[in-house]
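Visitor: how would this look folded up:
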Amino acid sequence: MALKMKKAEMRAYIDARARELAASGKYHNWLSIEMALRFGEGVEEAREILDRKWFRDYLDQLCRAAQRQRLEQQAPQSPAPEAPPSDMPE
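Guide: Below you'll find the predicted structure:
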């Protein structure tokens, strides 16, 4: 997908798309997001634009939080313990 945008527009697009991918819970870190953008979506500029340590760290945090949330939603809920029958001696 060769996008024709000005540099500022491209940065805004990649920043927003990277955040969206991180929040999906499907990616482990910024590098997997960069690969998805570059090779999956054809956005070559992703390498240069994601080359900011603070933003990479931020994406890593978003990825971890989204993955935790995703795991919590997928985990089977354990049923509440049953109370013993009232006619049983304690």
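Visitor: C-alpha from now on. contacts and neighbour counts both.
Guide: OK.
Visitor: how about the helix or strand hosting Glu48, which residues are buried there?
Guide: Element membership for Glu48, per DSSP states H and E: helix 46-49. Buried residues in helix 46-49, counted by 16 or more other Cα atoms under 10 Å: Ala46, Ile49.
Visitor: now for that helix, which elements pack on it?
Guide: helix 7-23 (3 or more Cα pairs under 8 Å, 6 or more residues apart in numbering; DSSP states H and E).
Visitor: could you dump the longest helix seen in the chain to PDB, C-alpha only?
Guide: What stands out as the longest helix in the chain, according to DSSP state H, is helix 53-74. In PDB, the C-alpha atoms belonging to helix 53-74 read as follows (Å, rounded to 0.1, in the frame of the first residue of the first chain):
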ATOM      1  CA  LYS A  53      12.900   5.300  21.800                       C
ATOM      2  CA  TRP A  54      10.200   6.900  23.900                       C
ATOM      3  CA  PHE A  55       7.600   5.900  21.300                       C
ATOM      4  CA  ARG A  56       8.900   2.400  21.000                       C
ATOM      5  CA  ASP A  57       8.800   2.100  24.800                       C
ATOM      6  CA  TYR A  58       5.200   3.400  24.800                       C
ATOM      7  CA  LEU A  59       4.100   0.900  22.200                       C
ATOM      8  CA  ASP A  60       5.700  -1.900  24.200                       C
ATOM      9  CA  GLN A  61       3.700  -0.800  27.200                       C
ATOM     10  CA  LEU A  62       0.500  -0.700  25.200                       C
ATOM     11  CA  CYS A  63       1.200  -4.100  23.800                       C
ATOM     12  CA  ARG A  64       1.800  -5.600  27.300                       C
ATOM     13  CA  ALA A  65      -1.400  -4.000  28.700                       C
ATOM     14  CA  ALA A  66      -3.500  -5.100  25.800                       C
ATOM     15  CA  GLN A  67      -2.100  -8.700  25.900                       C
ATOM     16  CA  ARG A  68      -2.900  -8.900  29.700                       C
ATOM     17  CA  GLN A  69      -6.400  -7.600  29.100                       C
ATOM     18  CA  ARG A  70      -6.900 -10.100  26.300                       C
ATOM     19  CA  LEU A  71      -5.700 -13.000  28.400                       C
ATOM     20  CA  GLU A  72      -8.000 -12.000  31.300                       C
ATOM     21  CA  GLN A  73     -10.900 -11.900  28.900                       C
ATOM     22  CA  GLN A  74     -10.100 -15.400  27.500                       C
END
